[in-house]
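**Q** Structure of the sequence below:
(2 chains)
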Number of protein chains: 2
Amino acid sequence: MIHDGEIAFGPGEEFRFIRRLIRRFGQLAVGIGDDAALIHVPRDNMVAISTDTSVENVHFRRDWLSLDEIGYRATTAALSDLAAMGASGVGILVALVTPPESRKNLDALGDGIARAAVAAGVRIYGGDTSRGPVLSLTVTVFGNSRDAMRRDAARAGHHVYVTGVFGGPGAAVRALADGAPVPAAWRDRFANPRARIREARWVAGRAARAAIDISDGLVADAAHVAAASNVRIALHIDRVPTVQGVDAIAAAQSGEEYELLLTSAIPIDCVAFADRFGIPLSDIGAVTDGAPGVQLMMNGVPLEIELRGYDHFGHV
Amino acid sequence: MIHDGEIAFGPGEEFRFIRRLIRRFGQLAVGIGDDAALIHVPRDNMVAISTDTSVENVHFRRDWLSLDEIGYRATTAALSDLAAMGASGVGILVALVTPPESRKNLDALGDGIARAAVAAGVRIYGGDTSRGPVLSLTVTVFGNSRDAMRRDAARAGHHVYVTGVFGGPGAAVRALADGAPVPAAWRDRFANPRARIREARWVAGRAARAAIDISDGLVADAAHVAAASNVRIALHIDRVPTVQGVDAIAAAQSGEEYELLLTSAIPIDCVAFADRFGIPLSDIGAVTDGAPGVQLMMNGVPLEIELRGYDHFGHV
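**A** Below is the predicted model of the structure:
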C-alpha cells in the first residue's frame, strides 16, 4: 500500500481543509505542519500566553455578524488578553470546531482571523480542526513580556484610566436583539473591536502597573482588579467617553469593548496618548484603601444603583 | 453600587465555577487570575506550543468513558504533541465549553485534567470557560525545546522506531461500538494513554531526529512524516508490538495511541530504553529515497493492501 506524498501533510479531507486555510493565510502562516510551534523568546523576557473560546450562539450569532467578522472578533478577543498584560504579540494558534455542512464556506472565517492577526502584528503558527455541532473558535495567543501589567498591581493612590470610547458593543447587541436599526458607530465598535496591544505597551512604559481588558463590562472588570489587588476603586462613570446615543450607565456595563482599564501611580499624558493612537485616554477615577470593591461615582456623588456585568453562565 | 471583593476574581456564576475547578487543581494551579499566564524560558531554549480540541461525540462519548477519563485523555492528547517535538512539558491552559446543565458535575473532569498534568509533570496556568451545546476541551500545552525533533527531519538511511504496544485503542473502540466486551488491556490503552514526553527527550538526546505522535494511526502518521520529509518510509508492520488479540494490520491503523514514531541516523539502544521506561522501543523499518510515501511490509514482502488512518472529517 502506498500513500502519495502531499506537501507537509498526509491525505484526508481534514488535511485538505487545513491546506485551504493555510493558503488563505498566506505569508501570515509560519511553521505550520509540525506537532507544536517553536517560538524564540528574547533574553530577559517571559512568554505571555492566553486562550479564549468563542462559541456560536453564545459569543456570536451568524445572523448578526459575517463569518469574516466572527473570525476577526474571536481572534481580537484573544489578542486583547496580551494587551491587558502589556505584552507584545508574537503569534496565535487557532482551534476550529466546525459543523461538517459549513466547512466549505469557511474561507471568510479564515480571512477574518488573518485580518485580526495583521491588525495586531502577529502571525499564525498553527492550530487544530475538529467537527462539532456548532462553530467555535479557541484562539491561543502568545507574546513577549518584560514588565507585565497585572490585575493585582493596583495600589491606593493610583490614578485609573480607560482607553477609547465605550458603549458601542452593548448598544449594538441590544438593538440587534430588538430588531432595531443599528447606527454604524455602534456596529463598528461591536464588529470591529481592536486589541490595544501597542497602546498597552506605550502606557506600560510610562508607569501603568495594573491593567485589565474590558470584556465583561467596565464595572465588572474594575471589580476583578479591585478583588485581585485588594483595593477599592472609585469610578467616575460620567468621565467615561461614550459613543453617541449611549448614556454613561449603559456604557459602564457594555461588554466586549476590548478597551483597557489601567492604573498608574503617576499621571499619564492623555494628550500624547490621543495624538499617537487616535483614541482618548481618560482619567476616570482613583484607587483607595477600604473594603475591596468598586464605588461608582456620578458628578462627584456616589451612585447607589446596582450595575451588572456580562457573565456567560448567568446571562442569555 | 458596591461589588464585594472576592479573592482573585469578581462575582458571577462563571467565576464560582472557575474557583471550584482551581480548588480542585490545588497546587497544580499556578498564576491563574491574570489575563495571560507568564512563563520563564531557560536561555538557549525555544518555547514549544500546541493546541488540541476534544469534542463530545466526535473525540469521546460519555457512555464509553468517565468524566475523569475524558479530562485525562483530552489533556494527554494535547501533551503528546510536546512529546512529538522532544520538548519538555511546562504547563497547560484549558478552555472548557460545557452545557449549562452539566456544569455542576464537572469536578471529575477537573480531576482527570489534573491527573494528566501530574503524569506529564506540568502545571495548570489557566484557561477559559464557556457555555456550549456539547462538552469540549481545548487544551493548549507549552514546554521548552532545545533540539526539537521535526516531521521534516527524516532522511534516507534513517532507522524507524516506535515506542510502546499498538492496537488497544482501535480494538477498544470497535468493541464498544459493537456492544462487545472490552478486554481490560484494550480499555486501559484507550482510556489511559500516556504522553511520552520523558521517552521523547531520552531518544532526542540519543540521535533521534524526526518524530510524530500516533494520533491518526501508525500508517497515516508515518505518511505525514514521509510527506513533510519528502522521503519513502518502509514500515515492517509485523515488527510492531501489538496488544493481545489484535493483529498487525489492525494495530497499524489504530488511532489515538499517543505512542511515538521516530527516525534516527544511528541505532538507538532499545534494551536500555525498555529498561528505563518499561515499554518497548522497536525498530520497525527504514527511510529510503524514492517516491514520498509509506511502503508497508509484512514478513519482508511488500503489502499491496490499502490501509486507512483516522480522519475526523472523513470518519464517523
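
**Q** is the helix ranked longest in chain A up against chain B anywhere?
**A** Criterion DSSP state H: the longest helix present in chain A is helix A:67-85. Yes: legend: contact between helix A:67-85 and chain B by C-beta under 8 Å from any C-beta of the partner chain is shown at A:80-82, A:84-85. Any C-beta I mention is one placed from the backbone N, CA and C, and that applies to glycine too.

**Q** Now A:G245: closest residue in space that isn't a chain neighbour?
**A** A:P183 (6.5 Å; C-beta to C-beta, 6 or more residues apart in numbering or on different chains).

**Q** Now do the phi/psi pair for the one you found.
**A** phi -50, psi 140 (degrees, to the nearest 10).

**Q** how deep is the residue nearest to A:F277 when sequence neighbours are not counted tucked in, by neighbour count?
**A** In this structure, A:F277 finds its nearest non-sequential neighbour in A:E199, 5.3 Å apart by C-beta to C-beta, 6+ apart. A:E199 is flanked by 22 other residues according to other C-beta atoms under 10 Å in any protein chain shown.

**Q** follow-up on the earlier one: mind listing what the residue nearest to A:G245 touches?
**A** A:175, A:244-245 (C-beta atoms under 8 Å, 6 or more residues apart in numbering or on different chains).

**Q** Can you classify the residue nearest to A:F277 by secondary structure?
**A** helix (DSSP: H, G, I helix; E, B strand; the rest coil).

**Q** quick one: it and A:L82 touch, right?
**A** No: A:E199 lies out of contact with A:L82 (C-beta atoms under 8 Å); the separation is 11.7 Å.

**Q** so after the helix or strand bottoming out on mean pLDDT in chain A, what's the next helix or strand?
**A** None of the helices or strands of chain A scores lower by mean pLDDT, DSSP states H and E than helix A:13-25, at a mean of 76. Going down the chain from helix A:13-25, the next helix or strand is strand A:37-39, by DSSP states H and E.

**Q** What strands line up against that following strand, and which way round?
**A** Strand pairing for strand A:37-39, using DSSP bridges, gives strand B:46-55 (antiparallel).

**Q** residues from the stretch 101-250 of chain A in reach of chain B?
**A** Residues of the stretch 101-250 of chain A lying near chain B (C-beta under 8 Å from any C-beta): A:103, A:125-134, A:136, A:138, A:140-142, A:145, A:148, A:150-152, A:212-213, A:216, A:219-221, A:223-224, A:226-228, A:230.

**Q** Helices - which of those residues land there?
**A** Short answer: those in helices (DSSP H) are A:219-221, A:223-224, A:226-228.

**Q** Give me the neighbour count for A:A222.
**A** Neighbours of A:A222 (other C-beta under 10 Å): 31.

**Q** Show me the shaky parts of chain A.
**A** A:1-15, A:306-316 (pLDDT under 70).

**Q** how close does the nearest residue to A:N192 once chain neighbours are set aside sit to A:L79?
**A** Residue nearest to A:N192 in three dimensions, not counting chain neighbours: A:Y72, with 6.9 Å by C-beta to C-beta, 6+ apart. Distance, A:Y72 to A:L79, by C-beta to C-beta, to the nearest Å: 10 Å.

**Q** Return every residue with contacts to both of these two.
**A** Counting by C-beta under 8 Å, 6+ apart, the residues touching both A:Y72 and A:L79 are A:A116.
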